[in-house]
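[1] below: sequence and its predicted model.
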Amino acid sequence: MDAPDHDHTGLTDLFASRRYFRKFEAITGHLTRVAGAMEADGSLNKTEVKVLTRYVMALTFTFRALSMKYLLVGRDTGRFFGSLTIDTHESGFPVATELMTMANDAQQAAAHLANMPSEAALKDDMVRVIITDREIPTKLQFALSQRLYYQELLKGQLFWTQNDPDCVWLGNVAEDRRRFLLHWAVYDSQTNLPVVYLMELEDTGSKALPKDERRWPGVQAHLTAQSLGGLKLLTIARGFDEDFSDLHPKRLRRFHLGPMYSSAYTRQSGPLPKVLADAAAPEGQDWALAWTAEDLQSERVVEERAGWFSKVEREVFALDPFAGRGADTGATQTERAIILPQRPFQVLAERNPPGFADVRKFVVGGGGRVLRY
């Protein structure tokens, strides 16, 4: 692996690159089971699980596309095409510029595919080179990998640096009051982590929000502009409440998916790297994925004057009452969780490092089962 700087590393070794992608394919698969376990214990409802699973699957498709792009990294393909750059210090995920480049490639995927030989033709040519010339058809393999990359991009449903807000109807609270779940996601360029937002709101507008040609584009633009990891949930929710007098945010959650820890790829601080090193787990089991869920809930509603003859509802949000932490975090509560294979979990349980008592632990057992501790 080459290191452009101390935080970002290019995976230039073929086998290291492929192991990295296999690792994340397994992790995203386990995350869908974690969502199911959280639904079983009441942490998430069915709609929320469906939404979060959608973003996890988008991450899966993104990693699949990138794995095709860099399938022959380290091999002499006759063309320099770089290597996957990951954030080894903060996140363990690819750097945000990888997704930005991928988004640009997606805009031109159809044009690239139109000028490429078909998948069948490339495979036939590869067989001829192997049989006739008795050579490894590296250049043809590279051409096929790039075709598969553009085909993945053309399928869509990937996780982009900006995934615009979408809306799910949850039912009517009253005749003139509808309840919606808004969800959107970003790939934070500061932390190089995927971040998912869920907002439950009540709509008292004359037209349902997703069908309102005036309000819906404004809501989407507002939420996208406020999707910054450095902003507290309280700041985002209050700004939204003040800007849209007929939309009332009742709950706002933010899920930071990551960091990913791996003794083979990352150099983060804290106890987890030492746990993974001491576990000496076999390939494919030397990892841990942490995530943080921030939750802000409305405590009550007050009415404020809006002009001479009207009033508007304003939300008063509940903050974490313990030691003033709510004012610091801007959330009602913050919960940390981690998923990891069985052997690293055993070492973690034995060492019991400070700060992990309140961390929810999901352990990948035999057959890929996810157990909660």
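    Received, thanks. Quick caveat: nothing in here was measured; it's all calculated off a predicted structure.

[2] what about the strands in this protein?
    Along the chain, counting by DSSP state E, strands occupy 8-11, 84-87, 162-174, 177-188, 193-203, 247-262, 287-305, 311-318, 333-341, 360-364, 370-372.

[3] quick check: angle from the longest one to strand 193-203?
    With axes from the mean of the first three to the mean of the last three C-alpha atoms, to 10 degrees as the criterion, the two stretches strand 287-305 and strand 193-203 enclose an angle of 30 degrees.

[4] and strand 287-305, what does it pack onto?
    helix 14-40, helix 233-243, strand 247-262, helix 271-279, strand 311-318, strand 333-341 (3 or more C-beta pairs under 8 Å, 6 or more residues apart in numbering; DSSP states H and E). Placement of C-beta: from N, CA and C, glycine included.

[5] quick check: buried residues in it?
    287, 288, 289, 290, 291, 292, 293, 294, 295, 296, 297, 298 (16 or more other C-beta atoms under 10 Å).

[6] pull the CA atoms of that strand into CSV?
    C-alpha atoms of strand 287-305 as CSV (Å, rounded to 0.1, in the frame of the first residue of the first chain):
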residue,chain,number,x,y,z
TRP,A,287,-12.6,-6.0,11.7
ALA,A,288,-15.1,-4.0,13.7
LEU,A,289,-17.7,-1.4,12.5
ALA,A,290,-18.8,1.3,14.9
TRP,A,291,-21.7,3.7,14.4
THR,A,292,-23.3,6.5,16.4
ALA,A,293,-27.0,7.3,16.5
GLU,A,294,-28.1,10.8,17.6
ASP,A,295,-31.7,11.4,18.5
LEU,A,296,-33.5,14.7,19.1
GLN,A,297,-37.2,14.6,20.1
SER,A,298,-39.8,17.4,20.5
GLU,A,299,-40.9,17.7,24.1
ARG,A,300,-43.8,20.1,23.7
VAL,A,301,-45.3,22.7,21.4
VAL,A,302,-45.7,26.5,22.0
GLU,A,303,-47.5,29.1,20.0
GLU,A,304,-45.8,32.3,18.8
ARG,A,305,-47.4,35.3,17.1
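
[7] and it, average pLDDT?
    Regarding strand 287-305, the rounded mean pLDDT is 93.

[8] how far off centre is that strand?
    Centre-to-centre, strand 287-305 and its host chain are 18 Å apart (C-alpha atoms, centre = their mean, to the nearest Å).

[9] same question, the shortest one
    Its chain's C-alpha centre lies 21 Å from the corresponding centre of strand 370-372 when counted by C-alpha atoms, centre = their mean.

[10] and the residue sitting nearest the centre point of the chain, how far from residue 254?
    By C-alpha atoms, centre = their mean, the chain has its centre lying nearest to residue 194, at 3.2 Å. Distance, residue 194 to residue 254, by C-beta to C-beta, to the nearest Å: 11 Å.
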